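Participant: quick one, what's the 3D model for this:
(chains A, B, C and D)
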2 protein chains.
Amino acid sequence: MSRDENNVTLDDAGPDGNAYRLQEQIGFILRKAHQRHVAIFAAHIGDLTPPQFAALARLRDVGETSQNQLGALVAMDAATIKGVIDRLKARGLVTLSRHAGDRRRLMVGLTPQGREAVERLVPLAKTITAETLAPLTAREAETLARLLGKIA
Amino acid sequence: MSRDENNVTLDDAGPDGNAYRLQEQIGFILRKAHQRHVAIFAAHIGDLTPPQFAALARLRDVGETSQNQLGALVAMDAATIKGVIDRLKARGLVTLSRHAGDRRRLMVGLTPQGREAVERLVPLAKTITAETLAPLTAREAETLARLLGKIA
DNA sequence: TTGATATCATTTGCGTGCAAACGATTTTTC
DNA sequence: GAAAAATCGTTTGCACGCAAATGATATCAA
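Facilitator: Reported below is the predicted structural model:
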């Protein structure tokens, strides 16, 4: 063996070992991990999606807020949060009202049923988090959450 | 201070500190991290989505495969991969043909343009991975990929 | 005050992502 | 070989998620 000492990779790679394997890319793994979490969520909470639950849970914490503000709190743009809120409204879990001082704002609040739903589902949500992290040790789960938070 | 020694949490929590904060749940952080990655992807590769690129990249690695098989390789169910392939087909990046021995199978292959697109985009894809991981050290990135892989 | 700009919300269009039901084709089982 | 079961693909319906365009209202500046 004279030249070509970098002959370590398993498949096509340039002379500097610069292969591109989809399965190793962070975006691909991220998508799969997210998919698994959604599946676990659906298995435990069948009648509410993760975004819907997120909106309810955040609403419980911060109280009545404008629709777009709530969207910012749960990482949804204006178009997306609108659909989520519409569906929660149709199920009687939130109330909508115009802001007194600013007629552009659409205020969103929890109904008693909405609040009851959050309280009832929080234990399940904890289970979902635990099951998602089940393949990891407590220490690893801590690390994952921290690193993921950095790139989120 | 006599009882209630666990008084550490910042907001509502039971006597055993069991608060539920949405922002700390792995599913929520996962969704946000995924969103950021998709945004970075779109900023670099505007005319192809991550799933579309994933299908092309995997197709380059494994050669001609059936539609559902390819779906399994890129973590998409039958309904989803169909839409992705349809759009790639419409853009002349893949070819479709019936399998000789099994007339149920729809074989998918790269066209010359499809192959050219993959080769051209792989460097950009590497940049996208790097930018997504930019907030982390090389060591942290390694750890994140490993832990994420465990829960994916 | 008015005119420009910013903000809040809505709508449309497109692309995932999944469940469920379906038809067509194998493969298995008896 | 015929019935039953499995596999491959398609279609429909629903729910995000985002870009872009639009209308209504508020705020800022001249």
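Participant: residue contacts, whichever residue of chain A sits closest to DNA strand C?
Facilitator: Proximity of chain A to DNA strand C (C-beta to the nearest atom of the strand) peaks at A:N68, 2.8 Å away. The C-beta positions use only the backbone N, C-alpha and C, and glycine is treated the same way. A:N68 is in contact with A:A78, A:I81, counting by C-beta atoms under 8 Å, 6 or more residues apart in numbering or on different chains.
Participant: my guess is it is in a helix, correct?
Facilitator: Yes: according to DSSP: H, G, I helix; E, B strand; the rest coil, A:N68 belongs to a helix.
Participant: gap between the nearest residue to A:Q25 once chain neighbours are set aside and B:A90?
Facilitator: Nearest residue to A:Q25 in three dimensions, chain neighbours excluded: B:T129, at 5.1 Å (C-beta to C-beta, 6 or more residues apart in numbering or on different chains). To B:A90, B:T129 is 28 Å away according to C-beta to C-beta, to the nearest Å.
Participant: who has more neighbours, these two?
Facilitator: Comparing B:T129 with B:A90 by other C-beta atoms under 10 Å in any protein chain shown, the one with more neighbours is B:T129, at 21 against 9.
Participant: in the helix or strand hosting that one, what counts as buried?
Facilitator: Assigned by DSSP states H and E, B:T129 belongs to helix B:112-132. The neighbour-count check on helix B:112-132 (16 or more other C-beta atoms under 10 Å in any protein chain shown) flags B:G114, B:A117, B:V118, B:L121, B:V122, B:A125, B:I128, B:T129, B:E131, B:T132 as buried.
Participant: now the next helix or strand after that helix: buried residues?
Facilitator: Next helix or strand after helix B:112-132 toward the C-terminus (DSSP H and E): helix B:138-151. By 16+ other C-beta under 10 Å, the buried positions in helix B:138-151 come out as B:E140, B:A141, B:T143, B:L144, B:A145, B:L147, B:L148, B:I151.
Participant: what helices or strands is helix B:138-151 leaning on?
Facilitator: helix A:26-44, helix A:138-151 (3 or more C-beta pairs under 8 Å, 6 or more residues apart in numbering or on different chains; DSSP states H and E).
Participant: quick check: mean pLDDT of it?
Facilitator: Model confidence over helix B:138-151, given as mean pLDDT, is 98.
Participant: on that earlier part again, mind putting the helices and strands packed on helix B:138-151 into a markdown table with distance to A:H99?
Facilitator: Converted to a markdown table, the helices and strands packed on helix B:138-151 look like this (distance: least, C-beta to C-beta, whole Å):
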| stretch | distance to A:H99 |
| --- | --- |
| helix A:26-44 | 32 |
| helix A:138-151 | 32 |
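Participant: so which of those comes closest to B:A42?
Facilitator: With C-beta to C-beta as the measure, helix A:26-44 is the member of the helices and strands packed on helix B:138-151 nearest B:A42 (11.4 Å).
Participant: give me the neighbour count for A:D61.
Facilitator: Neighbours of A:D61 using other C-beta under 10 Å come to 16.
Participant: next, it: phi, psi?
Facilitator: Backbone geometry at A:D61, expressed as degrees, to the nearest 10, gives phi -70, psi -40.
Participant: and if you look at A:L106?
Facilitator: A:L106 has phi and psi values of phi -110, psi 110 when expressed as degrees, to the nearest 10.
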